[in-house]
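In: take a look and give me a structure for this.
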Amino acid sequence: MTPASSAPPAAPRIAIVGGGFAGIGMAIRLQRMGITSFTIYEAAGDIGGTWRDNTYPGAACDVPSHLYSFSFEPNPAWSRAFGGQAEIFAYLKHCARKYDVERYVRCNARVAAARFDEARQVWHVDIDVNGVRETVEADVVIAASGPLSRPAMPQIAGLERFEGKLFHSARWDHAYPLEGKRVAVIGTGASAAQFVPKIQPRVAHLDLFQRTAPWVMPKPDKPIDARARWLFEHLPFTQRFLRSAIYWQLESRAIAFVVNPELLKVPMKFGLSYLERRVKDPELRAKLTPNYRFGCKRVLLSSDYYPALSQPNVDVVTSGIREIVADGIVTEDGVHRPADAIICGTGFQVNDVRAPFEVTGLDGADLSTHWLRDGPEAYLGVSVANFPNFFMIVGPNTGLGHNSLLYMIESQVQYIADCLRVLRRRKARTMNLRPDVQRDFNARLQKDMQHSVWASGCRSYYQTRSGKVTALWPGFSFSFRKRTRRARPHDYRFAP
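Out: Model (predicted):
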C-alpha cells in the first residue's frame, strides 16, 4: 500500500477524484491553504472532465462565458458570449498550468472503490491503473467527478443487434464520415440541440426520435469584438462588472423557478411565439410544442435547432421506439426507418444509479445502496452521514436550473476548505456528519422543492423514478453560498 502523497506526517493526505472544474478548483484552493499533500486521480488520459469528453459538433456552454469561469481567474480573451468546447477546455488547461496543478494529477488512474478503515481512521482507495489494481491511503477523500461523467445509453430492445455505427454524443466518433448517410438521433436534450443543426447539412437524411418536446429559447450568442476584449484585459473592473450583471440577471430567474412558478407564463408565451416564428409547418410545429410547464425540464438555448428541423432531409419522429434491428429502427406504429448510424443524445446517469465508485463507510455503510434506496442525498451536497472525511463537489441537490454551476462549485470548495480548517483547529482525525443533521436538512429541502417548477409534474433527469428531485438546489444560489461559507462544527462528530 502506498501513500497518496509524500507529504509531511502532519499534513492530511487528500485524494481528489476527478480532474474537471471541481477537481482543479479544489486543488487550487488547497495550495492557497498551504496544503500540497494531495493527488488528483483522473480516469482519462488528460484533465478537463465534461469539456474534455464532449467534443461533438457544436458543443458549447449555455451559460455566458464571463460567468462560466473561476471568479479568481477571469479570462478577458473569450471570443464569444457563450464559450465553445475547445475554448473552455483550453481555459481549464490554462488554469491547471498557471496554478501548478498538473504536477499533482495522476492520469489513467480510475478510482474503483474507497473503504473507510475504522480502526486506523483512514481511507483505502482502490485505483485501476491501466488494468492493474493498486491501493493508496488517504486521510480525506474528495469526490469531484460530477454528475455528467457517465453517459446514459438508452435501454431499447435490439440495441446490440444494430450493424451500423452506434455511439453516444459524449463519445463522438470523429473518424466516422456522416456525409451522405442516413442518421438516426435518439434524444432531444441539450446535446442534441447543439449537434443536430451541425450535422443536418452533412447527412442524406436525419430521423430525430423525440419522446418529449423541449422548450427552446433563442441563444443570444455573438462574437466578442476586439475593443471589448481590450477593455477586459486592461480595465479588469469592466469584466467584473459584466460578470456581476450576468449573475444577477440569471439569478433573478430563480424567483419564477422556485418562489412563484406562475411567473413562468411570460417565458412560456415567448417560447411558443418563437416556435411559431421559426417553424411554419403546422404539423411539425405541433410535434415540437411542449406539453408541460416551462422550466420543469431543462430549457434549451438554440437559434438554429428549429430551422434545422424544418429542413426537407429531417423527420421528427414522435412514435415510440419498439426495437432496433440490424439496419435501423422500428417504431411502435410498425414503421421501419433505415439507418447507417445511430447517435444517442440521451444524456447522463444522474439519478437511480450507483455512486460513481464504490464507497464504504462506517459499519459497512454502502453509499450506492443508500442512494438506490432513497435517491442521492447529502448535506449541502457535500457531506454524508457515516462517511467520515468524505466530501463531494456537485453532490446531490447542488445543480442549478437558472445560473452557473461554477458558482456552486466554488461555494462547495469553500465549505470543504473550512472543514479542513475545523479538523486542524480541533486536532481531530476525522469529522462525521450527524445523521439527524442530514435528515432534517433534506426534509426541509424537499419541502422547499414542492413549490418549485421542477416538481410541477413532468419527468426529467432532475428526478428519481419516484419523483424526488435530487439534482437541483431549490433556492437562490447566493443563499447556498451563505450556507457554505463556514462549516458548523456542531453538525459533526469528531474523532481525536
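In: Tyr41 contacts Ile16, correct?
Out: Yes - using C-beta atoms under 8 Å, Tyr41 is in contact with Ile16, at 6.9 Å. C-beta coordinates here come from the backbone N, C-alpha and C atoms, glycine included.
In: now Ala113: which helix or strand?
Out: strand 109-117 (DSSP states H and E).
In: in the helix or strand following that strand, what counts as buried?
Out: Downstream of strand 109-117, the next assigned helix or strand under DSSP H and E is strand 122-129. By neighbour count on 16 or more other C-beta atoms under 10 Å, the buried set for strand 122-129 is Val122, Trp123, His124, Val125, Asp126, Ile127, Asp128.
In: kindly report the same for stretch 285-305.
Out: The neighbour-count check on stretch 285-305 (16+ other C-beta under 10 Å) flags 285, 287-288, 290, 292-302, 304-305 as buried.
In: which of the residues you listed fall in strands?
Out: Leu300, Leu301 (DSSP state E).
In: strands of the stretch 251-400 of the chain, start to end?
Out: Ranges of strands in the stretch 251-400 of the chain, per DSSP state E, counting those that start in this stretch, are 300-301, 314-317, 321-325, 328-331, 336-338, 341-344, 358-360, 390-392.
In: Pro201 is nearest to which of those?
Out: Nearest to Pro201 among the strands of the stretch 251-400 of the chain is strand 314-317; the distance by C-beta to C-beta comes to 10.4 Å.
In: in that closest one, what counts as buried?
Out: Val314, Val316, Val317.
In: Leu433 contacts Val384, correct?
Out: Yes - using C-beta under 8 Å, Leu433 is in contact with Val384, at 6.4 Å.
In: which one of these two has more residues nearby?
Out: Using other C-beta atoms under 10 Å as the criterion, Leu433 and Val384 rank with Val384 on top: 28 against 22.
In: how many neighbours does Ala228 have?
Out: Residues lying near Ala228 (other C-beta under 10 Å) number 15.
In: how far is the host helix or strand of it from where the chain is centred?
Out: Element membership for Ala228 (DSSP H and E) is helix 226-234. How far helix 226-234 lies from its chain's middle: 31 Å, per C-alpha atoms, centre = their mean, to the nearest Å.
In: does Arg483 touch Leu380 like I think?
Out: Yes - using C-beta under 8 Å, Arg483 makes contact with Leu380 at a distance of 6.1 Å.
In: neighbour count: those two, which is higher?
Out: Shown here are Arg483 and Leu380; by other C-beta under 10 Å, Leu380 has more neighbours (25 against 16).
In: contacting residues around that one?
Out: Thr398, Gln412, Tyr415, Phe441, Phe480, Arg483, Thr484 (C-beta atoms under 8 Å, 6 or more residues apart in numbering).
In: quick one: the strands in the stretch 101-250 of the chain?
Out: Using DSSP E, counting those that start in this stretch, the strands found in the stretch 101-250 of the chain span residues 105-106, 109-117, 122-129, 132-138, 140-143, 165-168, 182-186, 205-209, 216-217.
In: ok, now how distant is Gly271 from Val132?
Out: 52 Å (C-beta to C-beta, to the nearest Å).
In: looking at these two, which has the bigger crowd around it?
Out: Ranked by neighbour count (other C-beta under 10 Å), Gly271 and Val132 place Gly271 first, with 20 against 7.
In: elements contacting the helix holding Ala228?
Out: The contact analysis (3 or more C-beta pairs under 8 Å, 6 or more residues apart in numbering; DSSP states H and E) places helix 226-234 against helix 236-251.
In: residues of the helix it packs on that come out buried?
Out: For helix 236-251, burial by neighbour count (16+ other C-beta under 10 Å) applies to Gln239, Leu242, Arg243, Ile246, Tyr247, Leu250, Glu251.
In: including pLDDT, could those residues go into CSV?
Out: Below are those laid out as CSV (pLDDT from 0 to 100):
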residue, pLDDT
Gln239, 97
Leu242, 97
Arg243, 97
Ile246, 97
Tyr247, 97
Leu250, 96
Glu251, 96
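In: in a markdown table: these, plus distance to Leu264.
Out: As requested, the buried residues of helix 236-251 are exported to a markdown table (distance: C-beta to C-beta, whole Å):
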| residue | distance to Leu264 |
| --- | --- |
| Gln239 | 31 |
| Leu242 | 27 |
| Arg243 | 26 |
| Ile246 | 21 |
| Tyr247 | 21 |
| Leu250 | 15 |
| Glu251 | 16 |
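In: for the nearest residue to Ala77 once chain neighbours are set aside, give me its contacts.
Out: Leaving aside its chain neighbours, Ala77 sits nearest to Arg229 (5.9 Å; criterion: C-beta to C-beta, 6 or more residues apart in numbering). Going by C-beta under 8 Å, 6+ apart, Arg229 touches Pro76, Ala77, Trp78.
In: of those residues, buried ones?
Out: Neighbour-count burial (16+ other C-beta under 10 Å) applied to the contacts of Arg229 gives Pro76, Trp78.
In: now the contacts of Arg229 in CSV, with distance to Gly48, pLDDT and secondary structure?
Out: Supplementary listing: the contacts of Arg229 in CSV, determined by distance: C-beta to C-beta, whole Å; pLDDT from 0 to 100; DSSP: H, G, I helix; E, B strand; the rest coil:
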residue, distance to Gly48, pLDDT, secondary structure
Pro76, 21, 97, coil
Ala77, 18, 96, coil
Trp78, 17, 97, coil
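In: for Arg337, state which of the contacts of Arg229 is nearest.
Out: Trp78 (40.8 Å).
In: wait, that closest one sits on Pro223?
Out: No - Trp78 is beyond contact range of Pro223, at 9.8 Å (criterion: C-beta under 8 Å).
In: which SSE is Lys93 in?
Out: Following DSSP H and E, one finds Lys93 within helix 85-98.
In: other SSEs contacting that helix?
Out: Checking 3+ C-beta pairs under 8 Å, 6+ apart, helix 85-98 ends up next to helix 21-32, helix 50-53.
In: I'd like those helices as a markdown table, with mean pLDDT, distance to Ala157 and mean neighbour count appended.
Out: A markdown table is the format used below for those (pLDDT from 0 to 100; distance: least, C-beta to C-beta, whole Å; neighbours: other C-beta atoms under 10 Å):
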| stretch | mean pLDDT | distance to Ala157 | mean neighbour count |
| --- | --- | --- | --- |
| helix 21-32 | 98 | 37 | 24 |
| helix 50-53 | 94 | 28 | 21 |
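In: out of those helices, which comes closest to Glu118?
Out: helix 21-32 (25.5 Å).
In: and the closest one with helix 85-98, angle?
Out: 20 degrees (axes from the mean of the first three to the mean of the last three C-alpha atoms, to 10 degrees).
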